[in-house]
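Participant: Got a predicted structure here, sequence first:
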Amino acid sequence: NAGVTQTPKFRVLKTGQSMTLLCAQDMNHEYMYWYRQDPGMGLRLIHYSVGEGTTAKGEVPDGYNVSRLKKQNFLLGLESAAPSQTSVYFCASSETSGRNNEQFFGPGTRLTVL
Amino acid sequence: KNEVEQSPQNLTAQEGEFITINCSYSVGISALHWLQQHPGGGIVSLFMLSSGKKKHGRLIATINIQEKHSSLHITASHPRDSAVYICAVFGSGSRLTFGEGTQLTVNP
């Protein structure tokens, strides 16, 4: 099993460009999450999904959109990238959202917006 | 003030030393997670606990719900333990809130 995979691993964008980050999991997990990690801050939740066809806003959703058309995939889109979106993006999945549910993380995508 | 505070932010130790990383939180929680972020960036879950103590190999995690405090201990530390250790709490919003992390460096 690959667990949680993310593509691409690195990307450089110019301000105003768009891109989509892909997250895939092969554990049949219901819940999927997109986080961003910035220096001096903890991981912050951007959007999450509680199942196929559902999405919800997290702590810092502005400037991002998401889709969960298939249970195993969770896409994060940037329609018009801004330098403030320079960050490392992590996808995670969990079986449910319960307090004892372990979240499994992808390897991360390092995005730079110039 | 962040909901989850970790201390210290940075910690350097010599191989073999006993290490303690602390986590304090200000909200009611139902569980606390400790995670490890490797130098290459990957994040793995170490512990999930809601009371008492858990042990896995050389790692021990404790939590005091009344004092809103948790500690992660590493016994007989080794250079391969060098990583960022992250505390996260599962609160009323049914989502994890993360601390900033503690950068641990263990020198041979």
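Facilitator: Yep, that arrived. Numbering: from 1, shown residues only, chains lettered A, B, ... in the order given.
Participant: how about stretch A:36-51: buried residues?
Facilitator: Buried residues in stretch A:36-51, counting neighbours by 16 or more other C-beta atoms under 10 Å in any protein chain shown, are found at A:Arg36, A:Gln37, A:Gly42, A:Leu43, A:Arg44, A:Leu45, A:Ile46, A:His47, A:Tyr48, A:Ser49. No exception for glycine: its C-beta is placed from N, CA and C like everyone else's.
Participant: I would like the residues contacting the strand or helix carrying the first one, please.
Facilitator: A:Arg36 is part of strand A:31-37 when elements are defined by DSSP states H and E. Identification of contacts with strand A:31-37 by C-beta atoms under 8 Å, 6 or more residues apart in numbering or on different chains yields A:21, A:23, A:25, A:43-51, A:58, A:60, A:64, A:66, A:68, A:74, A:76, A:87-97, A:101, A:103, A:108.
Participant: That strand pairs with which strands, parallel or anti?
Facilitator: Strand pairing for strand A:31-37, using DSSP bridges, gives strand A:44-49 (antiparallel), strand A:87-94 (antiparallel).
Participant: buried stuff in that strand?
Facilitator: So for strand A:31-37, counting by 16+ other C-beta under 10 Å, buried means A:Tyr31, A:Met32, A:Tyr33, A:Trp34, A:Tyr35, A:Arg36, A:Gln37.
Participant: Can I get that strand in CSV, CA atoms only?
Facilitator: Presented in CSV, the C-alpha positions along strand A:31-37 are these (Å, rounded to 0.1, in the frame of the first residue of the first chain):
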residue,chain,number,x,y,z
TYR,A,31,-11.9,11.7,5.9
MET,A,32,-9.3,13.7,4.0
TYR,A,33,-7.7,17.0,4.9
TRP,A,34,-5.5,19.7,3.4
TYR,A,35,-3.1,21.6,5.7
ARG,A,36,-0.5,24.2,5.1
GLN,A,37,2.7,24.5,7.2
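Participant: where does it sit relative to the chain's centre, distance-wise?
Facilitator: When distances are taken as C-alpha atoms, centre = their mean, to the nearest Å, strand A:31-37 is centred 4 Å away from the chain's centroid.
Participant: quick one, what contacts A:Gly53?
Facilitator: Each residue near A:Gly53 by C-beta under 8 Å, 6+ apart is listed here: A:Arg68, A:Leu69.
Participant: and A:Ala81, that's in a helix?
Facilitator: No: counting by DSSP: H, G, I helix; E, B strand; the rest coil, A:Ala81 falls outside a helix, being coil.
Participant: from the chain's centre, how far out does stretch A:30-46 sit?
Facilitator: The answer for stretch A:30-46 is 8 Å, by C-alpha atoms, centre = their mean.
Participant: Can you pull out the low-pLDDT segments for chain A?
Facilitator: Residue ranges of chain A with pLDDT under 70: A:98-100.
Participant: Spatially central residue for it, please.
Facilitator: Closest to where the C-alpha atoms of chain A average out (C-alpha atoms, centre = their mean) is A:Trp34, at 2.7 Å.
Participant: now that one: how far from chain B?
Facilitator: Shown here: A:Trp34 relative to chain B, a distance of 12 Å by C-beta to the nearest C-beta, to the nearest Å.
Participant: looking at the sheet around that residue, what are its partners?
Facilitator: A:His47, A:Cys91.
Participant: Which two among the buried residues of stretch A:36-51 are spaced furthest apart?
Facilitator: Maximum pairwise distance among the buried residues of stretch A:36-51 (C-beta to C-beta): 21.0 Å, between A:Gly42 and A:Ser49.
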